[in-house]
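Participant: the sequence isn't on hand, but the structure is:
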């Protein structure tokens with residue numbers, strides 16, 4: 001077998017296959033062999049990591065030769081045939097919902113977060129739920145993957161730099177439902193249109209009655225909680241257990257994460273807001289407080305007009321960073337060009353007053369200045385901790 005893309009998912013797939021005595025060949029751009037079609041000789045299956053586009057030379061040639069192409073989650077699900085797969089997809093809120101649901105069910109969480117599904121090979125008891133966050137990149141190449149409960153949280157334009165338009169992105173997301181049977185459950189937003197597959201439809205909305213109010217802030221997180229509640233009930237979880245989880249679940253790093261409160265100013269890391277829709281949700285969560293907003297990063301071919309329309313009078317200043325600064329400045333002509341995150345944090349801190357929120361919610365990917373959104377969020381945390389008002393100067397002198 002050939003595994004293309006040897007980051008976390010590819011390494012997990014290779015290791016799981018090798019444990020079964022399968023001969024595995026690996027290809028990756030960093031090894032310079034990701035376009036070597038001779039690697040396909042004698043190969044019966046290509047396993048594709050989510051970061052590898054469908055237009056990659058090895059993938060295109062495999063399809064031309066009739067070699068099956070699987071995503072890593074397709075392989076992982078086949079390696080866990082007796083596990084009860086719970087799929088979570090959507091544009092925004094996937095990780096928060098998946099982790100919350102894992103907390104409710106006391107179940108492992110894998111897929112597009114933390115660890116690859118193949119890493120659970122041999123570690124899951126039969127019949128135990130496994131919550132799997134599923135991105136559009138992962139769902140592109142499923143075949144038999146059947147989540148017993150599948151959740152679609154929302155659909156907004158995203159990853160249009162990779163998908164051939166919104167319709168293709170939407171179709172990839174909806175594949176989460178296509179193999180469901182009549183005794184499975186499809187959890188969708190209230191009023192959402194038809195979905196493929198035969199799962200029983202269960203709708204949710206942000207204003208659903210819940211067993212308890214969630215600890216994490218924002219209307220969008222109440223919506224995530226409603227989706228997790230619907231899924232947990234479909235799996236037989238009791239309302240008292242769901243209520244406990246909603247009250248106790250602290251949220252996920254880089255998603256409206258309060259990293260510090262210094263001098264009456266809260267510093268919030270929402271680095272995972274890599275698209276306009278996600279940043280708009282963050283702005284809604286802090287609509288009642290004065291906000292110093294940090295925007296910008298690498299391009300995803302999004303329209304920033306809806307972001308402009310979401311910025312209310314409570315947003316006192318906007319600081320632009322990264323390669324999208326010029327485009328954002330067209331939509332937001334009063335914004336300040338900070339250039340980099342360090343300058344933006346220092347400027348926002350200096351302009352803040354007690355009660356303010358310094359909010360990093362970039363509405364853009366991170367690949368212009370950082371390895372990923374996690375690195376961007378950790379840098380924000382470091383910069384905040386080093387602010388003099390947060391004790392940074394005294395720390396440096398101690």
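Facilitator: Looks like it arrived, so ask away. From a predicted model like this one, the values you see are computed outputs, not experimental measurements.
Participant: what about this structure, any weak spots by pLDDT?
Facilitator: By pLDDT under 70, the weakly predicted segments of the chain are 157-164, 393-398.
Participant: got the domain ranges for it?
Facilitator: Per the record, the chain has its domains at 2-67, 80-248, 257-397, by automatic domain parsing.
Participant: so residue 280: helix, strand or coil?
Facilitator: Three-state call for residue 280 (DSSP: H, G, I helix; E, B strand; the rest coil): helix.
Participant: my read: it touches residue 310, true?
Facilitator: Yes - assessed by CB atoms under 8 Å, residue 280 is found in contact with residue 310 at 4.3 Å. To be clear about C-beta, it is placed using only N, CA and C from the backbone, and glycine gets the same treatment.
Participant: look at those two and report which has more neighbours.
Facilitator: Ranked by neighbour count (other CB atoms under 10 Å), residue 280 and residue 310 place residue 280 first, with 21 against 18.
Participant: just to revisit the earlier point, redo the domains of the chain as a markdown table? Include distance to residue 74.
Facilitator: Listed next are the domains of the chain as a markdown table, based on distance: least, CB to CB, whole Å:
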| stretch | distance to residue 74 |
| --- | --- |
| domain 2-67 | 8 |
| domain 80-248 | 5 |
| domain 257-397 | 24 |
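Participant: do you have the strands of the stretch 101-250 of the chain handy? List them.
Facilitator: Listed in chain order, the strands found in the stretch 101-250 of the chain under DSSP state E, counting those that start in this stretch are 109-111, 129-133, 149-152, 185-189, 200-204.
Participant: save those strands as a markdown table, and put in mean neighbour count too.
Facilitator: Shown next, in a markdown table, are the strands of the stretch 101-250 of the chain (neighbours: other CB atoms under 10 Å):
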| stretch | mean neighbour count |
| --- | --- |
| strand 109-111 | 25 |
| strand 129-133 | 27 |
| strand 149-152 | 28 |
| strand 185-189 | 24 |
| strand 200-204 | 16 |
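Participant: so what would you say the end-to-end distance of stretch 355-367 is?
Facilitator: 32 Å (CA to CA, to the nearest Å).
Participant: what lies in contact with stretch 178-195?
Facilitator: 142, 144-154, 174, 177, 196-205, 223, 227, 230-231, 234 (CB atoms under 8 Å, 6 or more residues apart in numbering).
Participant: run through the helices of the chain in chain order.
Facilitator: Ranges of helices within the chain are 8-19, 57-64, 72-79, 94-105, 136-139, 166-174, 219-234, 239-248, 276-285, 305-310, 325-331, 341-351, 373-385, 392-397, based on DSSP state H.
Participant: tell me which strands and helices the shortest one is in contact with?
Facilitator: Using 3 or more CB pairs under 8 Å, 6 or more residues apart in numbering; DSSP states H and E as the contact test, the elements touching helix 136-139 are strand 69-71, helix 72-79, helix 166-174.
Participant: of those, which is nearest residue 125?
Facilitator: Smallest distance to residue 125 across these (CB to CB): 14.2 Å, for helix 72-79.
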